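Q: mind folding the following:
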Amino acid sequence: MKEQLLKALREAVAPLGIDASLVKLDYPEDSSNGDFSTNIAMVSAKALKIAPKALAEKIIAEFEKVKPGFIEKVGIAGPGFINFTIKDEAIAEAALALANMKKPAATGRKVMVEYTDPNPFKEFHIGHLMSNAIGESISRLVESSGAKVIRANWQGDVGPHVAKAIWGAMHSKDTGKGAAFWSKAYVAGAIAYEDDPGAKKEIEEINKKIYSKSDKEINGLYEKGRAESLEAFESIYKKLDTKFDNYFFEGTEGRNGESIVKDHLKEGVFEESEGAVVFKGEKYGLHTRVFITSHGLPTYETKELGLNTEKFRLYSELSESVIITANEQSEYFKVLLKVMSLIMPDIAAKTKHISHGLMRFASGKMSSRKGNVVSAESLIDEIRGMVKEKMAGRELNAAKIDEISDQVAIGAIKYTILRQAIGGDVVFDSAKSISFEGDSGPYLQYSAVRANSVLEKAGKQDAPGTKKLPDKVGLLEKLIIRFPDVVERARDEYAPQLVANYLTGVAAAFNAFYAGNIIVDDKEPLSPYRIALTRSFLKVMTDGLWLLGIKVPNKM
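A: Sure thing, here's the model as predicted:
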């Protein structure tokens, strides 16, 4: 419907000398002003030397010649907005049609999305949880366009943090194992590195031996810690409903960056400085960064060059590579992308960096150096426990309660992360995150469960066929038909919050509709329509929650 209106409007403005590509349609903030609105008269008035309202009148006159049959009326508001009201019958039919919304056809486009990126030997913390939620949602939004998404995970399995963890393990009295042991070993090593000059020297030697693989004891600890860390990460990915297609590691793909830097050192992209190899970013309004240390070891920057080269070697047909990290790495990525533009311009042109804020609690920013990092597991467990308390007394077996609690807890966390613009920090409130009163993941899940319950009750009345349409549609129908447009915009802008906020609004509209109407009533002529509308709502809600990486439980 929107596309048909847009096409007619662009056809109408052409005879007036207006650039048709400038025509955009929005939704009026006040629905009483209509269903669609355009500011094209205000945008074009100055160039045509005519008052916006006068130009709006000319546009409307041309539009009347080509307007689609579903247009009820056209009017002018404010300084020159043109508002369009759609016939109620057309809105009702469009809303019902969305129940049969199909997946888009494959476009052949391939996009790699790199996200989460936890480091073995360290805790999988809430920052990784944020990256995972955002990356998974962006992946699904891209998939919704018909593109093929390759989910990638870049992990630091070599470097100073690994040496610190190995040192901590070698000096630990604990003979434990698993991710918890290695994260504690890392903290011990990190503290010793800063506080004990002797330990610092030992850790630096261990770091060299990890790269050279020259020490049997260190090799054994390294392989053990790496395997146990990666195994723990997989259990978390399963809970988060994420399955990666490719894992990249600093210890393999990252090593390829050294030769890239050395080759371009000769060409003048990099410079030698006090025994190190650096990129002088000041030439480009950036800052200097080290790519190979004075000890001859590659930095993260160099490893990134190896990674990004390997991505496009493995997938030469990639249309785009999207990298998601915390805001802390934004300045770093500006330098990295500049370097890439100089030495691998084709890859740089297809690479997009998206940065997100931090998740904060009352204690402030977390720090793995001091060991007070908030792990993803601990947050999930806390919210799961709160959900279980809320479900106490429900007539469900223990296994079902566990399954629902997991789905609701993950939904609560993901929604809290995705409900606001990606770049800002998230202040997590445990109690609000599991509220059933609105603006929460569980509220959206419960709304979908309620709709499903209505359809189960409807039984045979929920059958295909001609349905009597209402004389007047409500907010629910008007919001439902916006879904494809919301998804398209969220995909184009890499903005999952548009979907999250839309779903909150459409859920509120459904719950108001549910409270104000008897949906299943074999004596009510509009009952089949209301049942069908409920099915459309459930389709929109289920598909929308899927885009956020949130599952809909069978019961709540």
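Q: mind checking how far the helix or strand where Ala199 lies is from the chain centre?
A: Ala199 is part of helix 197-212, with elements assigned from DSSP states H and E. Chain-centre distance of helix 197-212: 38 Å, with CA atoms, centre = their mean, to the nearest Å.
Q: tell me the buried residues in that helix?
A: Residues of helix 197-212 classed as buried: Ala199, Lys200, Glu202, Ile203, Glu204, Ile206, Asn207, Lys209, Ile210, Tyr211 (neighbour count, 16 or more other CB atoms under 10 Å). (Glycine included, C-beta is placed from N, CA and C.)
Q: and that helix, what does it pack against?
A: Judged by 3 or more CB pairs under 8 Å, 6 or more residues apart in numbering; DSSP states H and E, helix 197-212 is in contact with helix 160-170, helix 179-195, helix 216-239.
Q: need the winner for burial among these.
A: Mean neighbours per residue, mean count of other CB atoms under 10 Å, is largest over the helices and strands packed on helix 197-212 for helix 160-170, with a mean of 25.
Q: that helix: how far from the chain's middle?
A: For helix 160-170, the distance to the chain centre is 33 Å (CA atoms, centre = their mean).
Q: so which residues of the stretch 451-556 of the chain form helices?
A: Taking DSSP state H, counting those that start in this stretch as the test, the helices found in the stretch 451-556 of the chain are 475-480, 483-493, 496-516, 527-547.
Q: with the stretch 251-400 of the chain instead?
A: So, for the stretch 251-400 of the chain - with DSSP H, counting those that start in this stretch - the helices run 257-265, 300-314, 330-343, 345-349, 376-390, 398-418.
Q: Lys468 is nearest to which of these?
A: Closest of the helices of the stretch 251-400 of the chain to Lys468 is helix 398-418, at 36.1 Å (criterion: CB to CB).
Q: next one: the helix or strand following the closest one to chain centre, how far?
A: Sequence-wise, the next helix or strand downstream of helix 398-418 (DSSP H and E) is strand 426-427. Mean-position distance between strand 426-427 and its chain equals 16 Å (CA atoms, centre = their mean).
Q: sheet-wise, list the partners of strand 426-427 with their directions.
A: Looking at strand 426-427 with DSSP bridges, its partner strands are strand 359-360 (parallel).
Q: which of the buried residues of helix 197-212 sits closest to Phe233?
A: Ile210 (19.6 Å).
Q: I'd say that closest one and Gly220 touch.
A: No. Between Ile210 and Gly220 there is no contact under CB atoms under 8 Å: 11.8 Å.
Q: mind picking the two most distant members of the buried residues of helix 197-212?
A: Ala199 and Tyr211 (19.2 Å).
Q: in this structure, what helix or strand scores lowest on average pLDDT?
A: Lowest on mean pLDDT, DSSP states H and E among the helices and strands of the chain sits strand 359-360, with a mean of 88.
Q: which residues touch that one?
A: Ile126, Gly127, Leu129, Met130, Val374, Ile417, Asp425, Val426, Val427, Phe428 (CB atoms under 8 Å, 6 or more residues apart in numbering).
Q: got the domain ranges for this structure?
A: 2-86, 376-547 (automatic domain parsing).
Q: need the mean per-residue confidence for the first one.
A: Per-residue pLDDT values across domain 2-86 average out to 95.
Q: kindly report the same for stretch 513-526.
A: Here the average pLDDT along stretch 513-526 is 94.
Q: buried set for it?
A: Across stretch 513-526, burial judged by 16+ other CB under 10 Å covers Phe513, Tyr514, Asn517, Ile519, Val520, Leu526.
Q: could these be laid out in CSV, adding distance to Asp26?
A: Output for the buried residues of stretch 513-526, formatted as CSV (distance: CB to CB, whole Å):
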residue, distance to Asp26
Phe513, 25
Tyr514, 29
Asn517, 30
Ile519, 32
Val520, 36
Leu526, 31
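Q: thinking again about what came up before, from the contacts of strand 359-360, which is closest to Lys460?
A: Ile417 (41.5 Å).
Q: dump the residue contacts of the closest one.
A: Contacts of Ile417 (CB under 8 Å, 6+ apart): Leu129, Met130, Ala133, Ile134, Met359, Val426.
Q: out of the residues you listed, which end up buried?
A: The buried subset of the contacts of Ile417 (16+ other CB under 10 Å) comprises Leu129, Met130, Ala133, Ile134, Met359, Val426.
Q: quick revisit: and which of the contacts of strand 359-360 is nearest Ile236?
A: Taking the contacts of strand 359-360 together and measuring to Ile236 by CB to CB, the closest member is Leu129, at 8.4 Å.
Q: got the end-to-end distance for stretch 64-77?
A: 17 Å (CA to CA, to the nearest Å).
Q: ok, the nearest residue in space to Gly257 that is not next to it in sequence to Gly385 distance?
A: Using CB to CB, 6 or more residues apart in numbering and skipping the chain neighbours, the partner closest in space to Gly257 is Gly306 (3.3 Å). Per CB to CB, to the nearest Å, Gly306 is found 43 Å from Gly385.
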